[in-house]
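Trainee: give me a 3D structure for the following:
(2 chains)
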There are 2 protein chains.
Amino acid sequence: MTQSEQVRGYYRAILTEEGTTMSACNRIDRCPSWPSLMRKGHEDLRKVLNSERVASRIIPVARGLSYSYAAMDVDNETLDLLADSANRLDLIGQYRALASGALMNIGENRMVLHHLLRGEPAGHVVRDGRNFRDFYEGERKRFSAFAERVRNGEILGSSGKRFERVVQIGIGGSDLGPRALYLALEQWARERGLLGLRASFISNVDPDDANGVLATIDPESTLFILVSKSGTTQETLANEALVKARLTSVKGLDPAGHLIAVTSETSPLARNPGYLDSFYIDDFIGGRYSATSAVGGVLLSLCIGPDAFRAILDGAAEADMRALEPAPRNNASLMDALIGIFQRNVLGRPSTGILPYSQALSRFPAHLQQLDMESNGKRVDRDGEDVPLSTGPVLFGEPGTNGQHSFYQLLHQGTDPIPLQFIGFKKNQTSFDPEFEGSSSRRKLNANLAAQIVAFALGKDDTAPNKRFPGGRPNSLIVGEELDPYALGALLAHYENKVMFQGFCWNINSFDQEGVQLGKVLTRKVLEDGGPVDPVLKAYATLLGAV
Amino acid sequence: MTQSEQVRGYYRAILTEEGTTMSACNRIDRCPSWPSLMRKGHEDLRKVLNSERVASRIIPVARGLSYSYAAMDVDNETLDLLADSANRLDLIGQYRALASGALMNIGENRMVLHHLLRGEPAGHVVRDGRNFRDFYEGERKRFSAFAERVRNGEILGSSGKRFERVVQIGIGGSDLGPRALYLALEQWARERGLLGLRASFISNVDPDDANGVLATIDPESTLFILVSKSGTTQETLANEALVKARLTSVKGLDPAGHLIAVTSETSPLARNPGYLDSFYIDDFIGGRYSATSAVGGVLLSLCIGPDAFRAILDGAAEADMRALEPAPRNNASLMDALIGIFQRNVLGRPSTGILPYSQALSRFPAHLQQLDMESNGKRVDRDGEDVPLSTGPVLFGEPGTNGQHSFYQLLHQGTDPIPLQFIGFKKNQTSFDPEFEGSSSRRKLNANLAAQIVAFALGKDDTAPNKRFPGGRPNSLIVGEELDPYALGALLAHYENKVMFQGFCWNINSFDQEGVQLGKVLTRKVLEDGGPVDPVLKAYATLLGAV
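Mentor: The predicted model follows:
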């Protein structure tokens, strides 16, 4: 029995109970509609984009947030073929299986339970006497109470000062998601009087990172969160050591009064007297899927408050529920996933731009870069076979309007069309917005966004060749009322579910990351006494002064 | 006479005087070596990478900085073919022509003089009685003196407070380059007692950007730099209006005592009593090439001091001089450019990762993204013909080791090889670096970098398919002693010159950006009274609440 069959065994058992139809293919290129899909080209947006299409091609992500795909160059026949594949691949069944506790992280033989952090889209998951929803909710309640006490000044630093800043020490998923979410809501919380502790982040093992952060904070009023699921992450432990050395030798503070841990219950950091408190996740929450766990939750509860963090979870839970809808035309993350597959595999477009028209989302593309590229940057499928298709794209992006004055030139007039996804909101987070030359900055921002969508899709001819815009450049839009915690949670879950569905289409395991291992092994060789034996490794280590 | 012939006319005249050989082709696909190049495949790095190659394939960029291309999968025959093309395209002659004042920005009929900001690689440029080197140096001396007076407390805010913070208000090139350079040297300057004013940046027309910055600064001790060459940039003027409204109505401050301008002499901002002082650039400094002009120089002189800013220029000047060397094997930016062309056009690799192992370079990839993608994201060549080759790649990147825990999974085990460029330094900027588990953080950082280079190039087999690393993934390395101002200037100039050489290979104009225009036109239509007439634009503007 192959690994894929094992996985399919799990969800078949579940599906059979529920009477769902079996899937008829396990990788999209094996589905009956694939040859027809491969014959499809892109639609000419300049001919088909009209206001009726804008009105009809829109799907709710969650309350106050929608996905518009009117300006994607896929025709209805293509969408039907994709929907047929989705059905035969049983993408919704696989999602239900995953959320029900199937061992969908096959290489590591683990469940994938990040949906349980915010709801139970496919019912209770109980294993070895543990109800996982209860476990995650229990931790959330524990850190909510802790955060309230810190915010109220009931827990103080070792020299008696109130905590005014929190520094998250973590890397990868312990950094990118929490950082993106914090920045997304910092002004929102400040404007509403909810901003408690302000956050900084130490991630890189480069000591200039930690020293740079430490140079601008007051350690006496700072709480540090050490975040490492395994409790063995090299960068994070080295940064902890550096921070502790500063606290003790330079500032004379007791680190145990300034440090808390977010880790797994089996890690060396758990229930360790070196920390003021510890909060837990487990092996079923992947790093890049951990923003809605204690990994993001402790920090966010300290900064924007436990209620706002819970609103993030509620928004994510609604998006998770809507992702169960079988028809792609009613399921935003499924439709986004399928159109992405068509762009990548049929139209051969190797990268995707994520362009939020919201400065608060400045680091959201960096989080999505990890989420997507680490999940779906895989060469072998769940059966151990080389995938004959290109998998995950390169993902990049910066906020608009900033990007308009930077790399948009290539997007408009470069040689290769790059699919784009815009994100926009009708309202500001902050209220000070005087009119200038007849319009507010908000109106200017969204006028620019509407203009870009149309410029990419429709282009413009000109007598001067260098002033011609070819148009026909596909883009979609996620549009919301306001970037509040609920919308942010829904946005986050939208992408998590999109990436999951794409992984199912390629029959890859989106939940492991074996590609990080070789570097770890070779790093240890460089750091060994006497340095590396391998001559090439030695040559580079020498060039870099690392031996 | 075509535009290209006009340009060639300029530099031919110059070249003929100097007795240089005429070029024999004007676009790389027209060079005699092109058919041979197109037949070349990539080299198998797993077979050819050895320590001798590491020792031999390295070229100085400037004092203390080198470019290593041992792990790029191009063989010596390919390099010879590329060198032949470079010679026949007269890339060095074109560079000399550009630096001599030829109208290389042909669409806009302008000179391209950013090299003159830091030296005169091809002699004096004098036009209409102005010696440009003297003009730029004159401005530098003026803003150096201004910065010294501010740093010394001789110029104070309108309420008598010393300036402790500077906020740059600008977008695109007025933001990305200066921000990247400031972040690159903030810790360096602090550690050496040179950090004067601390910097913040307002760029986005999204009011949450300006309001977020204003919420965390003390306006009374803040100097604002308004940066807009034309003096008409919508975002920048809107942000200026917002900032002024806060200073006057909320804080009761006189904006004229807190604002300076960096602009062109013909702009409405020049010699304007609304500013404490103004410093000038001109139309021959493109936004993305303006970091070494007053656009970056005023801010950096205030923050890290005029001497450190001058050291940036000196490093850039050395790199500019070395870029005149005709043999690619002795010219780092030329070699980097040619290998990039081979990756893009012969091997068909559409994106490039820039991976600095230095937290200080956290925003340097965002600057390079503009520099490269805005310069070379072009579809038509200098003769107005469609370029039959792919031009500029998508460029993305984040600092290592952070990226290792994020998108490196795709780089190692994704389906498509992506050329990478690492940047590393032997020393820290900051000195606090205690050992942990037998090594300093610096040694860990560079051990990781050496390990990644080797892991990408050589890979590793495994019995488990998902643990296999295919290897053969090309990467180069820019390695320096220390990220100081001199090295940073050289690094910046390296990329500017690389992008220039690639533009010459494709016969495109790397110095205009017509791709930004259509969006501006459509934005104005949305903001007009009554909103846009075009139904699609109206539909999107309505969806976004912009009408």
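Trainee: and residue A:48, how many residues sit next to it?
Mentor: Residues within reach of residue A:48, counting by other Cβ atoms under 10 Å in any protein chain shown, total 14. Bear in mind the C-beta positions are built from the backbone N, C-alpha and C, glycine included.
Trainee: so what's it closest to, chain neighbours aside?
Mentor: For residue A:48, the nearest residue in space outside its immediate sequence neighbours is residue A:75; the separation is 7.4 Å by Cβ to Cβ, 6 or more residues apart in numbering or on different chains.
Trainee: please apply the same query to residue A:502.
Mentor: residue A:337 (4.7 Å).
Trainee: which helix or strand contains that neighbour?
Mentor: helix A:332-341 (DSSP states H and E).
Trainee: in the stretch 401-547 of chain A, which residue sits closest to chain B?
Mentor: Of all residues in the stretch 401-547 of chain A, the one sitting closest to chain B is residue A:410 (2.3 Å; Cβ to the nearest Cβ).
Trainee: check which helix or strand that residue maps to.
Mentor: Assigned by DSSP H and E, residue A:410 belongs to helix A:408-413.
Trainee: next SSE after that helix?
Mentor: Remark: after helix A:408-413, the chain's next helix or strand is strand A:420-425, criterion DSSP H and E.
Trainee: let me know the angle separating that following strand from helix A:332-341.
Mentor: For strand A:420-425 against helix A:332-341, the angle between stretch directions is 150 degrees (axes from the mean of the first three to the mean of the last three Cα atoms, to 10 degrees).
Trainee: not counting its own residues, what contacts strand A:420-425?
Mentor: Applying Cβ atoms under 8 Å, 6 or more residues apart in numbering or on different chains, the external contacts of strand A:420-425 come out as A:336, A:352-358, A:361, A:364, A:400, A:411, A:446, A:449, A:452-453, A:456, A:473-483, A:487, A:491, B:544.
Trainee: of those residues, grab the buried ones for ChimeraX.
Mentor: Filtering those down to the buried ones (16 or more other Cβ atoms under 10 Å in any protein chain shown) takes a single ChimeraX command:
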select /A:336,352,353,354,355,356,357,358,361,364,400,411,446,449,452,453,456,473,474,475,476,477,478,479,480,483,487,491 /B:544
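Trainee: and the contacts of strand A:420-425, which of them are in strands?
Mentor: Where the contacts of strand A:420-425 overlap with strands, as defined by DSSP state E, the overlap consists of A:352-356, A:475-480.
Trainee: tell me the one among those residues nearest to residue A:314.
Mentor: residue A:480 (14.7 Å; Cβ to Cβ).
Trainee: correct me if wrong: the closest one contacts residue A:66.
Mentor: Yes. In this structure, residue A:480 is within contact of residue A:66 by Cβ atoms under 8 Å, at 7.4 Å.
Trainee: am I right that residue A:167 sits in a strand?
Mentor: Yes. With DSSP: H, G, I helix; E, B strand; the rest coil as the criterion, residue A:167 is part of a strand.
Trainee: quick one: contacts for it?
Mentor: A:199-202, A:213, A:217, A:222-225, A:243.
Trainee: let's see it at 6 Å
Mentor: When contacts are counted by Cβ atoms under 6 Å, 6 or more residues apart in numbering or on different chains, residue A:167 is found next to A:200, A:222, A:224.
Trainee: helix or strand next in line after the helix or strand hosting the first one, which one?
Mentor: Translated: residue A:200. Here residue A:200 is covered by strand A:198-202, with elements defined by DSSP H and E. Helices and strands here follow DSSP H and E; after strand A:198-202, the next one along the chain is helix A:207-214.
Trainee: what about that following helix, near chain B?
Mentor: Yes. Using Cβ under 6 Å from any Cβ of the partner chain, helix A:207-214 reaches chain B at A:207-209, A:211-212.
Trainee: contact residues of the stretch 151-300 of chain A facing chain B?
Mentor: Within the stretch 151-300 of chain A, the residues that sit near chain B (Cβ under 6 Å from any Cβ) are A:171-172, A:187, A:190, A:203-209, A:211-212, A:215, A:235, A:238, A:241, A:245.
Trainee: so who does the residue lying closest to residue A:53 once chain neighbours are set aside touch?
Mentor: Leaving aside its sequence neighbours, residue A:53 sits nearest to residue A:70 (Cβ to Cβ, 6+ apart; 4.6 Å). With Cβ under 6 Å, 6+ apart as the criterion, the residues that contact residue A:70 are A:53-54, A:57.
Trainee: mind putting those in TSV, pLDDT, neighbour count and distance to residue A:317 included?
Mentor: Shown next, in TSV, are the contacts of residue A:70 (pLDDT from 0 to 100; neighbours: other Cβ atoms under 10 Å in any protein chain shown; distance: Cβ to Cβ, whole Å):
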residue	pLDDT	neighbour count	distance to residue A:317
A:53	98	17	31
A:54	98	21	29
A:57	98	20	26
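Trainee: and which of the residues you listed is nearest residue B:249?
Mentor: residue A:54 (39.2 Å).
Trainee: helix or strand: which one has that closest one?
Mentor: Under the criterion DSSP H and E, the helix or strand holding residue A:54 is helix A:51-56.
Trainee: just how off-centre is that helix within its chain?
Mentor: What separates the centre of helix A:51-56 from the centre of its chain is 29 Å, taken as Cα atoms, centre = their mean, to the nearest Å.
Trainee: before we move on, what about stretch A:242-259?
Mentor: Between the mean C-alpha point of stretch A:242-259 and the mean C-alpha point of its chain there is a distance of 32 Å (Cα atoms, centre = their mean).
Trainee: now the end-to-end length of that stretch.
Mentor: As for stretch A:242-259, its first-to-last residue distance stands at 13 Å under the measure Cα to Cα, to the nearest Å.
Trainee: state the mean pLDDT of that stretch.
Mentor: Model confidence over stretch A:242-259, given as mean pLDDT, is 92.
Trainee: check what pLDDT whichever residue of the stretch 151-300 of chain A sits closest to chain B gets.
Mentor: The minimum distance from the stretch 151-300 of chain A to chain B, using Cβ to the nearest Cβ, falls at residue A:172 (2.7 Å). Looking at residue A:172, its pLDDT stands at 97.
Trainee: so for stretch A:287-297, mean pLDDT?
Mentor: Computed over stretch A:287-297, the mean pLDDT rounds to 98.
Trainee: who touches that stretch?
Mentor: Counting by Cβ under 6 Å, 6+ apart, the neighbours of stretch A:287-297 from elsewhere in the structure are A:114, A:117-118, A:139, A:143, A:172-174, A:177-178, A:181, A:227, A:262, A:279, A:281, A:285, A:309, A:313, A:316, A:370-371, A:374.
Trainee: one step back: now the residue nearest to residue A:53. Its backbone dihedrals?
Mentor: Comment: the main-chain dihedrals of residue A:70 come out as phi -60, psi -30, following degrees, to the nearest 10.
Trainee: now swap in residue A:436 and tell me
Mentor: With angles defined as degrees, to the nearest 10, residue A:436 sits at phi -140, psi 130.
Trainee: so it is in contact with residue B:241, correct?
Mentor: Yes. Applying Cβ atoms under 6 Å as the test, residue A:436 and residue B:241 come out as touching, 4.0 Å apart.
Trainee: of the two, which one has the most company?
Mentor: For residue A:436 and residue B:241, the more surrounded residue by other Cβ under 10 Å is residue A:436, and the numbers stand at 19 against 16.
Trainee: which ones are touching the more buried one?
Mentor: For residue A:436, the contacting residues are B:238, B:241, by Cβ under 6 Å, 6+ apart.
Trainee: against residue A:60, how distant is it?
Mentor: 34 Å (Cβ to Cβ, to the nearest Å).
Trainee: what does residue A:326 give?
Mentor: 16 Å.
Trainee: output the host helix or strand of residue A:93 as CSV, nothing but the C-alphas.
Mentor: Under the assignment given by DSSP H and E, the secondary-structure element containing residue A:93 is helix A:91-99. What follows is helix A:91-99, C-alpha atoms only, in CSV (Å, rounded to 0.1, in the frame of the first residue of the first chain):
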residue,chain,number,x,y,z
LEU,A,91,-10.8,18.0,-2.9
ILE,A,92,-13.6,18.7,-0.4
GLY,A,93,-13.5,15.1,0.8
GLN,A,94,-9.7,15.4,1.3
TYR,A,95,-10.2,18.6,3.3
ARG,A,96,-12.9,16.9,5.5
ALA,A,97,-10.5,14.0,6.0
LEU,A,98,-7.7,16.4,7.0
ALA,A,99,-9.9,18.3,9.4
